[in-house]
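Asker: Okay, structure incoming, though there's no sequence with it:
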Ligand code: DO4
Ligand code: MG
């Protein structure tokens, strides 16, 4: 099942997406639907199917969930770790260490406040000269880290700020419109193997493609369950949160985002997430 949200009757409303149309689930956001499924112990897909309108209509997907929290993991693909080590002036092997060691890198990416949906603007900090998209597979988590579904994330990052000093990582990662999510959340009964997804990313400027990259999630160096287990250690993350699993597509400084650039991330099983970069 593909779940998400639409604007219906002036409110953000949960919906099931089928064949290019949407069936709204009146009076529920996706967060509220998840909470209800947990309170009454009913599978999310069963509850959604039961409450959805029978009438399918054309709707544009908006932010698929207003997440309680967004967490992210890093250096989960070899390309991300080796690029960062090569870029970094001070400590050789700093990123290779977390790629190799059992404990993954994880960080707090923000809340719904910093999230944008399909078609909305992604942020470039005015104090960054090298902001890059990080296309990532993301998971939506329920109570106690139950995996409710998969979506796409853009962990937009001010890499020059991270490169200046690793202690600046939170400033490179967390700011207005730093996280795009969408277009849909695909439930695990429909997406049974998250480790064989072809992901592509393009950046277009003035209609011309200036960057294109691809990765298969088979290159993800960690199991998603392991990443979830680590972020939940001594850390009671609320239901309806999102975990981004790291980037395997690297955009270098020559293709640093400029205002007006369009970033498009696609995975056929999930959909296409497109956002235009803007100064925030
Ligand atoms: O180590 C810095 C962040 C890494 C990251 O966000 C990624 O690999 O996706
Ligand atoms: Mg990332």
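Answerer: That came in fine, so what should we check first? From a predicted model like this one, the values you see are computed outputs, not experimental measurements. Ligands and ions are numbered 1, 2, ... in the order given.
Asker: Residue 106 versus residue 43, what's the distance?
Answerer: Distance, residue 43 to residue 106, by C-beta to C-beta, to the nearest Å: 28 Å. Just so you know, the C-beta spots here come from the backbone N, C-alpha and C atoms, and that holds for glycine as well.
Asker: Please confirm that residue 37 is located within a helix.
Answerer: Yes - membership of residue 37 in a helix is supported by DSSP: H, G, I helix; E, B strand; the rest coil.
Asker: Could you report the distance from it to ligand 1?
Answerer: Between residue 37 and ligand 1 the distance, using C-beta to the nearest ligand atom, to the nearest Å, works out to 30 Å.
Asker: Would you agree that residue is in contact with residue 51?
Answerer: No - in this structure, residue 37 is not within contact of residue 51 by C-beta atoms under 8 Å, at 10.0 Å.
Asker: So which of the two has more stuff around it?
Answerer: Using other C-beta atoms under 10 Å, the more surrounded residue of residue 37 and residue 51 is residue 37, with 20 against 17.
Asker: residues from the stretch 1-150 of the chain in reach of ligand 2?
Answerer: Contact residues (C-beta under 5 Å from the ion) of the stretch 1-150 of the chain with ligand 2: residue 134.
Asker: where does the stretch 1-150 of the chain dip in pLDDT?
Answerer: The model of the stretch 1-150 of the chain has pLDDT under 70 over residues 89-92.
Asker: all strands of it, in order?
Answerer: Counting by DSSP state E, counting those that start in this stretch, one finds strands in the stretch 1-150 of the chain at the ranges 2-8, 11-18, 21-24, 70-74, 105-110, 115-116, 121-124, 131-132, 135-141, 147-155.
Asker: Would you format the ones you listed as JSON lines with mean neighbour count included?
Answerer: Shown next, in JSON lines, are those (neighbours: other C-beta atoms under 10 Å):
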{"stretch": "strand 2-8", "mean neighbour count": "23"}
{"stretch": "strand 11-18", "mean neighbour count": "21"}
{"stretch": "strand 21-24", "mean neighbour count": "21"}
{"stretch": "strand 70-74", "mean neighbour count": "26"}
{"stretch": "strand 105-110", "mean neighbour count": "20"}
{"stretch": "strand 115-116", "mean neighbour count": "23"}
{"stretch": "strand 121-124", "mean neighbour count": "22"}
{"stretch": "strand 131-132", "mean neighbour count": "25"}
{"stretch": "strand 135-141", "mean neighbour count": "27"}
{"stretch": "strand 147-155", "mean neighbour count": "25"}
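Asker: Out of those strands, flag the one nearest ligand 1.
Answerer: strand 70-74 (2.5 Å; C-beta to the nearest ligand atom).
Asker: check contacts around residue 212.
Answerer: Residue 212 makes contact with 200-203, according to C-beta atoms under 8 Å, 6 or more residues apart in numbering.
Asker: Could you tell me how many residues sit around residue 26?
Answerer: When neighbours are counted by other C-beta under 10 Å, residue 26 registers 13.
Asker: any idea how far it is from ligand 2?
Answerer: Distance, residue 26 to ligand 2, using C-beta to the ion, to the nearest Å: 36 Å.
Asker: is it true that that residue touches residue 6?
Answerer: No - counting by C-beta under 8 Å, residue 26 sits too far from residue 6 to count as a contact (11.1 Å).
Asker: overlap in contacts of the two?
Answerer: Counting by C-beta under 8 Å, 6+ apart, the common neighbours of residue 26 and residue 6 are residue 13.
Asker: Could you list the contact residues of the stretch 151-280 of the chain toward ligand 2?
Answerer: Residues of the stretch 151-280 of the chain lying near ligand 2 (C-beta under 5 Å from the ion): 155, 247.
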